[in-house]
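> give me a 3D structure for the following:
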Amino acid sequence: MIKRFMPFIGAHYINGIDNDVFHDLQMPPDNKMVVITTYMTFLNLVPGTITNFNKRRIYFNSLDLVIENSTLRPDEFINLLQGCIELAIVDASLTQPMAYSEIWHLLRYCKTIHFDMDNLICDDKMPTMLDEITWFVPREELSLFNIDLCREKVSKVVDHFLMSTDKPLCQFKFNPGYSISPFENMVKYVEEKLKAAGYVVETDVGPATCKGMIGFWKTSDTEISLRHVNGNLVYLYL
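Next up, the predicted model:
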């Protein structure tokens, strides 16, 4: 009886899903529920794909999740975040705007967070969320995209990670439409915040391949190296 109703657990490595096609997964011969818990890569998803999988009794609770070149509905996106501890989203989008604050509570066990996703918005609640959230795992990366080039939002994130005992990579990508001068002012502002926190800051210009980046990382308990190249991306190592 238990064997009959036990769902099929896909816990081994799966090469991924391209739109709605599984690679390297042998589905059970009967109509058992399937739960995928392994590393998963989704490519070229279109809205409704995850919903259609669920209708076929195929569900995802992946610990390590990659989504590339895909478009999801917000409810499908939330569905995929459940249980995730490593998350990388690249060149993806949502069908309608969704605030970071709507999903932040799902990420407390996530050590790697990379959100390159259109229509995922850093809203005004983000600073409060950073003050109140409790992380249950050491953080390795937090990459936030679609950020306005404003001190209020950047300041809270820098403060949050300066106070952290972890040493994560933190990355911002700002919304387009500003000139170089505000970006350069942001570089100076970040440098001043690091110095105000008691660090000796060594500044340098980064390589051409890092165009649009500001990066900093601790080289000792009292020193930070800060590198930057004009553009629209802020790249932070702590």
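
> the bottom helix or strand of this structure by mean pLDDT?
helix 2-5 (a mean of 45; mean pLDDT, DSSP states H and E).

> residues touching V187, list them.
Each residue near V187 by C-beta atoms under 8 Å, 6 or more residues apart in numbering is listed here: 214, 226, 228. Glycine gets a C-beta too; all of them are placed from N, C-alpha and C.

> I'd like to know which of those is nearest to V190.
I214 (6.1 Å; C-beta to C-beta).

> mind listing the residues bridging to the closest one?
Here I214 sits in beta bridges with H228, going by DSSP bridges.

> touching, it and V190? I think so.
Yes. Between I214 and V190 there is a contact under C-beta atoms under 8 Å: 6.1 Å.

> which residue comes closest to I17 once chain neighbours are left out?
Leaving aside its chain neighbours, I17 sits nearest to F42 (5.3 Å; criterion: C-beta to C-beta, 6 or more residues apart in numbering).

> pLDDT of the longest strand seen in the chain, averaged?
Determined from DSSP state E, the single longest strand within the chain is strand 86-99. Mean pLDDT, computed over strand 86-99, is 95.

> and stretch 112-126, by the same measure?
89.

> ok, residues contacting it?
So stretch 112-126 is contacted by 85-101, 104, 107, 139-148, 153, 156, 171, 173 (C-beta under 8 Å, 6+ apart).

> buried residues, stretch 68-83. List them.
By 16 or more other C-beta atoms under 10 Å, the buried positions in stretch 68-83 come out as 68, 70-74, 76-77, 79-81.

> widest-spaced pair of those?
E68 and P74 (18.4 Å).

> just say helix, strand or coil for K173.
With DSSP: H, G, I helix; E, B strand; the rest coil as the basis, K173 sits in strand.

> hey, what's it bridged with?
With DSSP bridges as the criterion, K173 is bridged to L233.

> longest helix in this protein, please.
Ranked by residue count and defined by DSSP state H, the top helix of the chain is helix 180-196.

> tell me the most packed of the contacts of V187, by neighbour count.
Of those, I214 is surrounded by the most neighbours, 27 neighbours in total, counting by other C-beta atoms under 10 Å.

> helix or strand: which one has the spatially most central residue of the chain?
In the chain, the centroid-proximal residue (C-alpha atoms, centre = their mean) is H114; its distance is 2.3 Å. Element membership for H114 (DSSP states H and E) is strand 112-121.
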